[in-house]
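Q: Structure for the following, please:
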Amino acid sequence: MSIPSPRSLPLDTGAALAWTGRLWFIVALVGQTAFIGFILAFYGVRTATGDFAGWNDKPLIDGYIPGDRAGNIVFAAHVLLAAVVTVCGLMQLIPGLRRRWARLHRWTGRVFLAMAIFMALSGIWLSVVRETRLSEISAVAILVNAMLILIFASLAWRHAVKRRFERHRIWAMRAFMVVSGVWFLRIGLMGWVVVNRAPVGMTDDMSGPADIVLTFGSYLIPLAILELYVAAGKGANSVLKASAAALVLAAAAFTAIGVFGTVTLMWAPYL
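A: Have a look, this model is predicted:
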């Protein structure tokens, strides 16, 4: 699993496509590293010190519910393991690591896929059984995201076992995109707020028109961009390559804006 590097393509389009992909990854690397830092600094510190009620210091949902021992344990595992799956996912996208430390690549890949499956199942349980959600719409979006994670992770694992490595690489990349849906959602929400200088089309329970688009788009849009990027890299159509490069460049710019907004508006105030 690695970021595709289109080869044998015309310099003006093939190189542009490859470099915009790398640029997006660098931006995502910074943003997901910040995400890991927030998880450890906010949830990790409170959990380690026994301040479980402090999980609710961040508004929107109640992570800690008095008397709900099972729910609190699942919530803690779900949130804290998000840092693990994010680290392992990023490591899978570094080609140099795969080439030089193949054994490490395989083990972090196994951890990533196993944790992805756990995150999907625990997310379903928290949303449906515990009802840790903002609205029915967000619950549906979580369920769709979880099902895609289960399907993509299972297929990535199966192709790796069968040593069909090219198919494994593509399905693992798809799994990375949908597993990152939680991160993409925050980036999308804050990017939208920063661009519009206001929460246009948003409500407190995330049932506004912008909320709905971003909630489902948090994993469907990145997945669609990935599919276009891969198709453009494999094909010989220079127009498609140029269009894909422009789209990925725009995605990198919006991601950078979203990372800035998320760090400054959503995470930093609670640390």
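
Q: how far away is G208 from G191?
A: In this view, G208 and G191 are 16 Å apart by C-beta to C-beta, to the nearest Å. Glycine gets a C-beta too; all of them are placed from N, C-alpha and C.

Q: oh, I was asking about S154
A: Separation of S154 from G191 (C-beta to C-beta) stands at 31 Å.

Q: Least confident secondary structure element in the protein?
A: When the helices and strands of the chain are scored by mean pLDDT, DSSP states H and E, helix 95-100 comes last with a mean of 82.

Q: what's in contact with whatever helix or strand comes next after it?
A: Per DSSP states H and E, the first helix or strand lying C-terminal to helix 95-100 is helix 102-124. With contacts defined as C-beta atoms under 8 Å, 6 or more residues apart in numbering, helix 102-124 is touched by 1, 74, 77-78, 81-82, 84-85, 88-89, 91-92, 97-98, 142-143, 145-147, 149-150, 153-154, 156-157, 160, 172, 175-176, 179.

Q: Can you report how many residues neighbour R197?
A: R197 has 7 neighbouring residues, counting by other C-beta atoms under 10 Å.

Q: Can you check what pLDDT the model gives it?
A: R197 carries a pLDDT value of 93.

Q: Leaving out sequence neighbours, find the closest residue to P222.
A: In space, and not counting its chain neighbours, P222 is closest to M177: 4.6 Å by C-beta to C-beta, 6 or more residues apart in numbering.

Q: State the helix or strand in which that neighbour lies.
A: Using DSSP H and E, M177 falls in helix 165-179.

Q: Okay, buried residues for that helix please.
A: For helix 165-179, the neighbour count (16 or more other C-beta atoms under 10 Å) marks H168, R169, I170, W171, A172, M173, R174, A175, F176, M177, V178, V179 as buried.
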